[in-house]
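Enquirer: Provided below for reference: sequence and predicted model.
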Amino acid sequence: MKKLRIFMMCLLVVMLAACGNQSPKESTDQNQKDQTASDSKEVNLYTSRHYDVDDELYKKFEQETGIKVNIIKGEADELLERIKREGDATQADLYLTADAGRLFRAKEAGVLQPVSSEMLDRHIPKNFQDEDQMWYGLTKRARIFIYNKNKVKPEDLSTYEALTNPEWKGRILIRSSENVYNQSLLASFIEIDGEEKAKQWAEGIVHNLARKPEGGDRDQAKAVAAGIGDVAIMNTYYFGQMLNSEDPEEVKLAEELGVFFPNQDSTGTHVNVSGAGVVEGSKNKDNAVKLLEFLSAKEAQATFAEANYEYPVNEEVNPTELLQSWGDFKEQDIPLSSLGDNNAKAIMIFNEVGWQ
Ligand code: FE
């Protein structure tokens, strides 16, 4: 009898508590509202990278921090236009894209804000950061020579400049000057040698082209393999992708080609980055910085770079086996922000020399 009375009292207490409270659904909604108002648990990433492994990295970040990463993928210029159009109302917190030239465009458009972080400074060398801390490089790539092993010996190759010599007439392959990778390459020469010399180089390459520029970087390597030309200028990771392609024909073709890092006894090989910056109108800035820091740290750097055959920017992390097999190399010694500073001049020179 006593037990029954206690049970009835407990039941009454529980029923009263339930009546006085909101339904579980309402309670959850209220929690969510409180969270977005005070400390948000999400970050919106606008990225032009399209690799599955990037998504795995973001999942890992979610698990470690409880911060949800909402990913919006698109072409770099499209995403930039979208952020500009959205203005203060933008949902974007972090903008991630390839090439210091594109990151510069975002900075110039006023859509990025400076970030200072002791961790980012520790993980990312100064020359791979924007001078005003508007963006940070996350993965590194080199613009190298890929040559036909049957027609060219490595001893025949030396510098970017040497490819303008008469013996290379009709043998050079490189994509259109509309592409930002070439604009950044020429911008680096403007920074190192000045405009006049940079123009001479561009003129000399146009003179020695095997065909009118067409296709992407990988198409230049394919044209070398097909005998259309003998040397292609292209980014390292595209060659890594070809060697690891699911298409056995592409692998076979890539294995016929050699890798050469130019300017080792002089100014160094041209390097560039893919990187990210926090968006000016970010509503979740702390989370955006946390994600940027996570991507610069050891574990993410290894994964990030491995997926796309890129070099990590964090010097504590080793490049993948494939990249190590190509050997160490001397890099151009210039701040990458100079690629953006010289972008307009590079485009002007390309137009002047008729590089399509
Ligand atoms: Fe690319």
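Expert: Perfect, thanks for sending it. Since we're looking at a predicted model, the values are computed, not measured.
Enquirer: quick one, helices of the stretch 251-356 of the chain?
Expert: Taking DSSP state H, counting those that start in this stretch as the test, the helices found in the stretch 251-356 of the chain are 285-296, 298-307, 321-325, 337-341, 343-353.
Enquirer: lowest average confidence across the ones you listed, which one?
Expert: Note on the helices of the stretch 251-356 of the chain: helix 298-307 shows the lowest mean pLDDT, a mean of 89.
Enquirer: and that one, what does it pack against?
Expert: When contacts are defined as 3 or more Cβ pairs under 8 Å, 6 or more residues apart in numbering; DSSP states H and E, helix 298-307 sits against helix 52-65, strand 136-148, helix 285-296, strand 311-312. From N, CA and C alone the C-beta is placed, and that goes for glycine too.
Enquirer: partner strands of the helix or strand just after the first one, with direction?
Expert: Secondary structure here is assigned by DSSP states H and E; on that basis, the next helix or strand after helix 52-65 toward the C-terminus is strand 68-73. For strand 68-73, sheet partners with direction are given as strand 42-47 (parallel), following DSSP bridges.
Enquirer: out of the helices of the stretch 251-356 of the chain, which is closest to Ile172?
Expert: helix 343-353 (13.8 Å; Cβ to Cβ).
Enquirer: chain center to stretch 317-334: distance?
Expert: 17 Å (Cα atoms, centre = their mean, to the nearest Å).
Enquirer: list the buried residues of it.
Expert: Val317, Pro319, Thr320, Leu323, Trp326, Phe329, Glu331, Gln332, Ile334 (16 or more other Cβ atoms under 10 Å).
Enquirer: so what's the second one up against?
Expert: With contacts taken as Cβ atoms under 8 Å, 6 or more residues apart in numbering, Pro319 has the following neighbours: Ala305, Tyr311, Pro312.
Enquirer: domain assignment for the protein?
Expert: 41-140+273-318, 141-270+335-353 (automatic domain parsing).
Enquirer: end-to-end on the longest one?
Expert: What that stands for is domain 141-270+335-353. 27 Å (Cα to Cα, to the nearest Å).
Enquirer: report the contact partners of the closest residue to Phe350 other than its chain neighbours.
Expert: In space, and not counting its chain neighbours, Phe350 is closest to Ser177: 3.6 Å by Cβ to Cβ, 6 or more residues apart in numbering. Listed by Cβ under 8 Å, 6+ apart, the contact set of Ser177 reads Gln183, Leu186, Pro213, Ile347, Phe350, Asn351, Trp355, Gln356.
Enquirer: give me every residue that touches the fourth one.
Expert: When the contact criterion is Cβ under 8 Å, 6+ apart, the partners of Ile347 are Ser177, Gln183.
Enquirer: and the strands in the stretch 51-200 of the chain?
Expert: 68-73, 94-98, 136-148, 172-173 (DSSP state E, counting those that start in this stretch).
Enquirer: quick one: which of the ones you listed is nearest Ile83?
Expert: The nearest among these, by Cβ to Cβ, is strand 94-98 at 6.5 Å.
Enquirer: what's that closest one packed up against?
Expert: Using 3+ Cβ pairs under 8 Å, 6+ apart: strand 94-98 touches strand 42-47, helix 76-86, helix 100-108, strand 270-278, helix 285-296.
Enquirer: how much space separates Asn150 from Glu249?
Expert: 18 Å (Cβ to Cβ, to the nearest Å).
Enquirer: can you give me the buried ones in stretch 341-353?
Expert: Asp341, Asn342, Asn343, Lys345, Ala346, Ile347, Ile349, Phe350, Val353.
Enquirer: let me have the residues you listed in TSV, adding distance to Asn165 as columns.
Expert: What follows is these, written out as TSV (distance: Cβ to Cβ, whole Å):
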residue	distance to Asn165
Asp341	29
Asn342	25
Asn343	27
Lys345	25
Ala346	22
Ile347	25
Ile349	20
Phe350	21
Val353	17
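Enquirer: widest-spaced pair of the residues you listed?
Expert: Among those, Asp341 and Val353 lie farthest apart (Cβ to Cβ), at 20.5 Å.
Enquirer: who's in contact with the residue nearest to Val259 when sequence neighbours are not counted?
Expert: What sits nearest to Val259 in space, not counting adjacent residues and going by Cβ to Cβ, 6+ apart, is Trp326, at 5.2 Å. For Trp326, the contact set (Cβ under 8 Å, 6+ apart) comprises Thr236, Val259, Phe261.
Enquirer: try 10 Å
Expert: Trp326 makes contact with Ala142, Ile144, Thr236, Phe239, Gly240, Val259, Phe260, Phe261, Pro319, according to Cβ atoms under 10 Å, 6 or more residues apart in numbering.
Enquirer: Trp107 and Thr97 touch, don't they?
Expert: Residue 107: Lys, not Trp. No: Lys107 is beyond contact range of Thr97, at 11.6 Å (criterion: Cβ atoms under 10 Å).
Enquirer: what is in contact with the two at once?
Expert: Trp135, Gly277.
Enquirer: the two - which one has more neighbours?
Expert: More neighbours surround Thr97 than the other of Lys107 and Thr97, with 26 against 21 (other Cβ atoms under 10 Å).
Enquirer: thought the more buried one was touching Asp77?
Expert: Yes: if you go by Cβ under 10 Å, Thr97 and Asp77 touch, sitting 9.0 Å apart.
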